[in-house]
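> Quick one: sequence plus predicted model below, questions after.
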Amino acid sequence: MEINPDVKRDEVSSLVREMMKGKKGKQMRIKAQEWKPKAERVTDVGGSSYINFDRLIKEVLHGEN
């Protein structure tokens, strides 16, 4: 992640404060809690992301189809 060198400390502080205590931050935390079990399920052994990644590794490294 790149940060513009012209960014002021006050701007960063304000955004961090909003994320931690503001309405927008609360909404983002709620969404993250909703997505967490979904992400765990698909990345666990047998999940769709796990299977797709395994297939990619086999195809790229081993030339298997």
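Yes, it's here. Remember, it's a predicted structure, so these values are computed and weren't measured experimentally.
> Ranking helices and strands of the protein by mean pLDDT, which lands last?
helix 9-21 (a mean of 89; mean pLDDT, DSSP states H and E).
> what sits against residue 19?
If you count contacts by CB atoms under 8 Å, 6 or more residues apart in numbering, residue 19 has them with 25, 28. Backbone N, C-alpha and C define where each C-beta goes, glycine included.
> one more time with 10 Å, if that's ok
25-26, 28-29 (CB atoms under 10 Å, 6 or more residues apart in numbering).
> picking that back up, tabulate the CA atom coordinates of the least confident helix or strand of the chain in CSV.
C-alpha atoms of helix 9-21 as CSV (Å, rounded to 0.1, in the frame of the first residue of the first chain):
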residue,chain,number,x,y,z
ARG,A,9,-0.8,13.6,10.1
ASP,A,10,-4.2,15.2,11.0
GLU,A,11,-5.8,13.6,7.9
VAL,A,12,-4.6,10.1,8.9
SER,A,13,-5.5,10.6,12.5
SER,A,14,-9.0,11.7,11.5
LEU,A,15,-9.5,8.7,9.2
VAL,A,16,-8.2,6.2,11.9
ARG,A,17,-10.5,7.7,14.5
GLU,A,18,-13.5,7.4,12.1
MET,A,19,-12.7,3.7,11.5
MET,A,20,-12.3,3.0,15.2
LYS,A,21,-15.2,5.0,16.6
